[in-house]
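Asks: I need the structure of the sequence given here:
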Amino acid sequence: MGLEATPSATGIFLSQLKYARDILLRANLLDSKPIATPIIISTHLTTAGSLFHSLSTYHFLVGVLQYLTITSPDITHAVNLVSQFMHAIKDHRF
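Replies: I've put the predicted structure just below:
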């Protein structure tokens, strides 16, 4: 399921590090530059633009990112934003 549990002195630490790495690998983003925040809060996405190249890839990535929010709540806002565009998937370049 992608969850890794590590016992510690204060309890159990849950992680999805391997799962997140697999997502980046599948999306060909493994060499991307890491950033502190996944999206600027004031960012507004639009349906303008060219069609995204693969509907099934977009659906897959949004789904696995939703699951990743279990241990990474900091990406919840960004995942919520991109999931609102499941009906009109466009290539959004920032």
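
Asks: hey, let's count contacts and neighbours off CA atoms from now on
Replies: Fine.

Asks: I'd like to check which residues are in contact with Thr37.
Replies: 74-75 (Cα atoms under 8 Å, 6 or more residues apart in numbering).

Asks: Helix or strand: which one has the most centrally placed residue in the chain?
Replies: Of all residues in the chain, the one closest to the mean position by Cα atoms, centre = their mean is Leu65, 3.7 Å from it. Assigned by DSSP states H and E, Leu65 belongs to helix 55-68.

Asks: Give the residue spans of this structure that score low on pLDDT.
Replies: By pLDDT under 70, the low-scoring segments of the chain are 1, 51-52, 88-94.

Asks: Strands of that one, start to end?
Replies: Using DSSP state E, the strands assigned to the chain run over residues 4-8, 11-15.

Asks: Quick one: closest of these to Gly49.
Replies: Among the strands of the chain, the nearest to Gly49 by Cα to Cα is strand 11-15 (35.7 Å).

Asks: Quick check: neighbours of the closest one in the sheet, parallel or antiparallel?
Replies: Here strand 11-15 is paired, per DSSP bridges, with strand 4-8 (antiparallel).

Asks: ok, and what's touching the strand it pairs with?
Replies: Residues outside strand 4-8 that contact it (Cα under 8 Å, 6+ apart): 12-17.
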